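In: sequence first, predicted model second:
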Amino acid sequence: MKKILSVLILILLTIVSCGGKHATQKDFENTMASLQKGNVSSLVGNDKETAEALMLFTDAYKKITYKINKVTVNDNESILNVTMKSPVLTGVMQEVQKKSMQNLDKLMGKSGKELEEESKKIFSEVISQKLNSPDLKYNEETFDVIYTKKGNTWELNSERNNKFMKLLTLGFDVF
């Protein structure tokens with residue numbers, strides 16, 4: 001009787017564990033959660049420059065919403081059909097340039113580090129203004145996010161995820 005009970009429990013555990021989320025869905029959800037929490041270092045590792053750049057967009061990433069509609073796994077490919085809505089920040093660079101030109105006299109004679117800090121400050125202000133504007137536009141699309149299996153791990157296929165990358169860059173073409 002104990003053997004039968006043990007086998008039933010093992011089968012039940014197998015069925016329950018198979019009914020969970022696929023590794024690629026978990027990875028996608030973890031990536032989005034990290035972006036929305038501002039924990040970009042877990043995504044870029046030791047690349048401090050990229051981490052600092054992404055930190056400027058933390059408030060924008062908090063406004064991204066998404067829904068995973070379907071997960072399809074075929075051999076070495078996993079396809080997540082996702083509907084995502086993200087703010088569009090086009091025109092920010094022009095605003096930053098305009099504001100920098102208006103403050104040109106304040107920037108003259110400053111060191112490279114001071115100029116960099118002032119530029120980040122202006123950039124953050126412009127993004128904040130844009131995100132808090134009642135005219136903020138959103139881009140909403142349904143698309144496939146494609147992962148490819150490499151060995152025992154699933155990797156986001158950057159060459160086949162243009163729509164996903166476009167939404168994550170919030171309308172910027174600089175990345």
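Out: Received, thanks.
In: what's the burial count for V82?
Out: The criterion is other C-beta atoms under 10 Å. On that basis, V82 has 22 neighbouring residues. Using the backbone N, CA and C atoms, a C-beta is placed for each residue, glycine as well.
In: helix/strand/coil for S124?
Out: Taking DSSP: H, G, I helix; E, B strand; the rest coil as the rule, one finds S124 in the helix state.
In: and it, how close does it get to Y147?
Out: When distances are taken as C-beta to C-beta, to the nearest Å, S124 and Y147 turn out to be 33 Å apart.
In: between these two, which one's more packed in?
Out: Per other C-beta under 10 Å, whichever of S124 and Y147 has more neighbours is Y147, with 25 against 16.
In: assumed that one was part of a strand.
Out: Yes. Secondary structure assignment places Y147 in a strand (three-state DSSP).
In: so where do the strands sit in this structure?
Out: 65-74, 77-87, 138-150, 153-156 (DSSP state E).
In: mean confidence score for the second one?
Out: Meaning strand 77-87. Strand 77-87 carries an average pLDDT of 95.
In: and if you look at the first one?
Out: Along strand 65-74, the predicted local confidence has a mean pLDDT of 95.
In: and the contacts of it?
Out: 21-22, 24-25, 28-29, 32, 78-85, 142 (C-beta atoms under 8 Å, 6 or more residues apart in numbering).
In: pick the most deeply packed of the strands of the chain.
Out: Mean neighbour count, computed with mean count of other C-beta atoms under 10 Å, is highest for strand 77-87 among the strands of the chain, reaching a mean of 19.
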